[in-house]
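Asker: model this:
(one chain, ligands or ions: 3)
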Amino acid sequence: MRILVTGGAGFIGSHLIDRLMEQGHEVICLDNFFTGTKRNILKWMDNPYFELIRHDITEPIRLEADQIYHLACPASPVHYQYNPVKTIKTNVLGTLNMLGLAKRIKARFFLASTSEVYGDPDVHPQTEDYRGNVNCIGIRSCYDEGKRVAETLAFDYHRQNGVDIRVVRIFNTYGPRMLENDGRVVSNFIVQALRGVPLTIYGDGLQTRSFCYVSDLVEGFIRLMNSDYIGPVNIGNPGEYTILELAQKIQNMINPDAEIQFKPLPEDDPKQRQPDITRAKTYLNWEPTIPLDQGLKLTVDDFRERIYPS
Ligand code: NAD
Ligand code: UDP
Ligand code: UDP
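Answerer: Numbering: from 1, shown residues only. Ligands and ions are numbered 1, 2, ... in the order given. Purely as a prediction, here's the structure:
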């Protein structure tokens with residue numbers, strides 16, 4: 001199959017491309033390199049079945065493909081808040097363009113949505129039928145509301161134009177290739193511990209997240225894309241940790257003497273998050289296989305090699 005991956009030069013997109021190329025597909029990667037890098041896809045550059053197109057999805061484009069994995073959008077709060085209007089355009093105009101493309105070429109369309117559609121949830125763990133608690137005028141809204149509109153667009157193109165959609169809600173994912181300046185918690189703590197500077201905990205560190213290793217996530221993507229179930233479906237690892245526990249794990253792994261520094265909690269920061277993965281288990285026979293300690297070790301090895309090349 002010929003498969004289009006938007007945001008393919010990013011963290012998750014590049015791992016997805018690795019899997020698709022290894023399965024023998026032809027892959028087109030579309031990216032504007034806002035948070036993605038060529039380094040992530042370097043190994044495929046000379047492969048005749050791989051094509052890289054520098055393009056901003058807020059502009060229309062005409063291409064031919066059998067499937068579209070639509071991931072283009074900055075995912076770290078630091079990056080999506082850098083230019084919030086651009087984040088909304090990417091989520092709304094960008095997703096509209098990719099759905100218009102899917103409609104024209106009759107491609108199956110996969111939307112990378114997010115657990116952020118649940119906002120600061122008052123249902124725990126979060127099931128897909130929970131409608132969320134999102135502030136529509138806060139600093140996270142460009143991303144949360146943008147993704148909510150993206151889901152709405154996908155379902156309306158499905159109902160109105162018969163576009164064949166799949167919608168996944170991704171929970172916090174980590175792994176090799178996250179940028180050193182990504183700003184998300186796992187990469188921040190690892191980079192800080194490796195550089196010997198204090199680990200920055202925002203707030204009291206009692207807020208929780210559930211961390212999924214990237215290879216598990218990609219397996220869930222491919223199962224959903226090739227199943228009959230349209231979703232939305234949560235993909236994440238239900239293992240839930242406080243941010244303080246995560247900091248201590250990374251301290252123990254890299255440098256037990258690393259200091260912890262407490263900083264103010266950003267506005268609207270969700271207090272707790274854990275996926276209910278009953279749907280993924282039932283419809284995709286999927287569940288995560290990489291425990292946090294193992295995934296963190298693989299991620300630390302990757303950052304160590306980039307920060308202190310051997
Ligand atoms: P990332 O920032 O590493 O990747 C995003 C990619 O999209 C980058 O390569 C970036 O250059 C590209 N991009 C951004 N705006 C674009 C535009 N206008 N046109 C073309 N390309 C553009 O982030 P990631 O962690 O790989 O996330 C990928 C997707 O998964 C995103 O849609 C994100 O919202 C979603 N997601 C990720 C997580 C997570 O924990 N990593 C959680 C929930 C949802
Ligand atoms: N679009 C695109 N590539 C295509 C087909 C459509 O980028 O191959 C864009 C198109 O420019 C439009 C959006 O997708 O902005 C929605 O397309 P649709 O056909 O649904 O709507 P219309 O063009 O009729 O407004
Ligand atoms: N966080 C933190 N220190 C950091 C980066 C993040 O304590 O250096 C916290 C952040 O406030 C949030 C949690 O870790 O409570 C997860 O943040 P991240 O940006 O990784 O993801 P998201 O908030 O989007 O789930």
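
Asker: Can you name the residues that contact residue 165?
Answerer: 108, 109, 110, 111, 154, 155, 157, 158, 230, 231 (CB atoms under 8 Å, 6 or more residues apart in numbering). C-beta here means a position set from N, CA and C on the backbone, and glycine is covered the same way.

Asker: Could you list which of these belong to helices?
Answerer: Judged by DSSP state H, helices contain the following of the contacts of residue 165: 154, 155, 157, 158.

Asker: For residue 204, give me its contacts.
Answerer: Residue 204 is in contact with 244, 262, 265, counting by CB under 8 Å, 6+ apart.

Asker: Likewise for residue 220?
Answerer: 168, 233, 235, 280, 284, 286 are the contacts of residue 220 under CB under 8 Å, 6+ apart.

Asker: Any idea how many residues pack against the nearest residue to the fourth one once chain neighbours are set aside?
Answerer: Spelled out, it's residue 280. Of all residues not flanking residue 280 in the chain, residue 286 sits nearest, at 4.5 Å (CB to CB, 6 or more residues apart in numbering). Look at residue 286: counted by other CB atoms under 10 Å, it has 22 neighbours.

Asker: My guess is residue 286 contacts residue 218. True?
Answerer: No. Residue 286 is beyond contact range of residue 218, at 11.0 Å (criterion: CB atoms under 8 Å).

Asker: Can I get the lowest-mean-pLDDT helix or strand in the chain in PDB, CA atoms only?
Answerer: Lowest on mean pLDDT, DSSP states H and E among the helices and strands of the chain sits helix 77-80, with a mean of 95. C-alpha atoms of helix 77-80 as PDB (Å, rounded to 0.1, in the frame of the first residue of the first chain):
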ATOM      1  CA  PRO A  77       2.600  22.100  25.800                       C
ATOM      2  CA  VAL A  78       5.800  24.200  25.300                       C
ATOM      3  CA  HIS A  79       5.600  23.900  21.500                       C
ATOM      4  CA  TYR A  80       1.800  24.100  21.000                       C
END
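
Asker: Tell me the buried residues in it?
Answerer: 77, 79, 80 (16 or more other CB atoms under 10 Å).

Asker: what does stretch 53-68 give?
Answerer: 55, 56, 57, 58, 63, 65, 67, 68.

Asker: Is residue 215 in a helix, a strand, or coil?
Answerer: helix (DSSP: H, G, I helix; E, B strand; the rest coil).

Asker: Can you get me a residue count around it?
Answerer: Neighbours around residue 215, by other CB under 10 Å: 18.

Asker: can you check the one 4 residues further on too?
Answerer: The burial count assigned to residue 219 is 17, neighbours taken as other CB under 10 Å.

Asker: helix, strand or coil for the nearest residue to it once chain neighbours are set aside?
Answerer: Nearest residue to residue 219 in three dimensions, chain neighbours excluded: residue 286, at 6.7 Å (CB to CB, 6+ apart). Classification of residue 286 using three-state DSSP returns coil.

Asker: What residues does residue 286 make contact with?
Answerer: Here residue 286 is in contact with 219, 220, 223, 235, 277, 280 (CB under 8 Å, 6+ apart).

Asker: per-residue confidence for the second one?
Answerer: It refers to residue 220. pLDDT, residue 220: 98.

Asker: measure it to residue 64 for me?
Answerer: 27 Å (CB to CB, to the nearest Å).

Asker: still on that earlier bit, from the buried residues of stretch 53-68, list the ones also adjacent to ligand 1.
Answerer: Contacts with ligand 1 are made by 56, 57, 58 out of the buried residues of stretch 53-68, judged by CB under 6 Å from any ligand atom.

Asker: Columns distance to residue 308 on top of those residues, output as JSON lines?
Answerer: Shown next, in JSON lines, are those (distance: CB to CB, whole Å):
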{"residue": "56", "distance to residue 308": "35"}
{"residue": "57", "distance to residue 308": "36"}
{"residue": "58", "distance to residue 308": "38"}
